[in-house]
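Novice: just to be clear, the model below is a prediction. Sequence and coordinates:
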Amino acid sequence: MDSIKQKAYQFLHHRTTVKFIYTLIILNVTALVLETYREFEGLYHDFFQAFEAFSVIVFTIEYVIRLWTASLNPDFRTTFPGRRARFAISPLGLIDLLAIVPFYLPMLIPIDLRFVRILRLLRLLRIFKLGRFSNSLRSIADVLVETKEELTVTIFISFILLIFSASLMYYIEVEVQPDKFESIGHSIWWAVATLTTVGYGDIYPVTGLGKFLAGVIALIGVGLVALPTGIISSAFIEKMQESKEKKQVCTCPNCGVVFHRK
């Protein structure tokens, strides 16, 4: 049994299998987009249904094998049955499960059609399965973890500025535009649009003081939006540099001497 499990684990992580699953995920996302076109849905409805069934079968087999061979995965090695439970509740394990559940659920219990449509949205989670096979996505996740303290400070400052700006604009504009700035909660929408420099234009100040304040907040927003971008980009560049340096370091299998590739 152990030898069969080992072979199943190796098969799942074989380059050909990984490429097949990777391609199938991309085709699923493509099919999901094409289904929204009425002309495609009318002509290829049966094909889309058959492809969906085939994809779910493949993803189900993949999930079962990953759950069965979780003890061989170095990320989930712990006492039984904890090793399988750890995989089942891990982010990638939950994504794998939620990617196939919408297909089976209507077969097991009667569900309202509107809820079925919501369940079909979970099919979009399949695109996150690519994270298992993409070094780039894993690097981004690592960067977000490493910079979480800096990002937390930035988000906290943004929140304070958001509430402060919305409150000021409410007291300045409420008498002139009671229908637009009728509460601080309504003013928050304006503050979000201004700080992010989107500026939809559906809510805007008309008083002189309000326009001046809006201009200052918009300028502050330009720098504020750039802060997390700079933090993430600089950390990502450092991560890529470290990855390149690791690839250039080699160890001799005979003597253990470490040397650098040119």
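Specialist: Everything's here; your move.

Novice: tell me how far the nearest residue to residue 126 once chain neighbours are set aside lies from residue 181.
Specialist: Leaving aside its sequence neighbours, residue 126 sits nearest to residue 99 (CB to CB, 6 or more residues apart in numbering; 4.6 Å). For the C-beta atoms, the positions are set from N, CA and C on the backbone; glycine is no exception. Residue 99 is 44 Å from residue 181, where distance means CB to CB, to the nearest Å.

Novice: one step back: count of residues packed around the residue nearest to residue 126?
Specialist: Neighbourhood size, residue 99 [other CB atoms under 10 Å]: 25.

Novice: and residue 44, backbone torsions?
Specialist: When read as degrees, to the nearest 10, the backbone of residue 44 gives phi -120, psi 30.

Novice: domain-wise, how is the protein divided?
Specialist: Under the assignment automatic domain parsing, the domains of the chain span 2-133, 148-260.

Novice: next one: phi and psi at the residue nearest to residue 126?
Specialist: According to degrees, to the nearest 10, residue 99 has phi -70, psi -20.

Novice: for residue 140, find the nearest of the domains of the chain.
Specialist: domain 148-260 (6.9 Å; CB to CB).

Novice: count of residues packed around residue 6?
Specialist: Around residue 6 there are 12 residues (other CB under 10 Å).

Novice: so for it, what's the pLDDT?
Specialist: Note on residue 6: pLDDT of 85.

Novice: again, but for residue 216
Specialist: Note on residue 216: pLDDT of 89.

Novice: also residue 256?
Specialist: Reported pLDDT for residue 256: 54.

Novice: can you map out the helices along the protein?
Specialist: Assigned by DSSP state H, the chain shows helices spanning 2-12, 15-34, 38-43, 45-68, 82-89, 91-98, 101-108, 113-121, 135-146, 148-173, 184-195, 208-248.

Novice: looking at those helices, which has the lowest confidence?
Specialist: Among the helices of the chain, helix 113-121 carries the lowest mean pLDDT (a mean of 62).

Novice: quick revisit: ranking the helices of the chain by burial, who's on top?
Specialist: Counting by mean count of other CB atoms under 10 Å, helix 184-195 has the highest mean neighbour count of the helices of the chain, with a mean of 19.

Novice: which helices and strands does it pack with?
Specialist: Applying 3 or more CB pairs under 8 Å, 6 or more residues apart in numbering; DSSP states H and E, one finds that helix 184-195 contacts helix 148-173, helix 208-248.

Novice: thinking again about what came up before, the helices of the chain: which one's closest to residue 127?
Specialist: Per CB to CB, nearest to residue 127 of the helices of the chain: helix 15-34, 5.2 Å.

Novice: the inter-axis angle of that closest one versus helix 2-12?
Specialist: 50 degrees (axes from the mean of the first three to the mean of the last three CA atoms, to 10 degrees).

Novice: that concludes my questions; thank you for your assistance.
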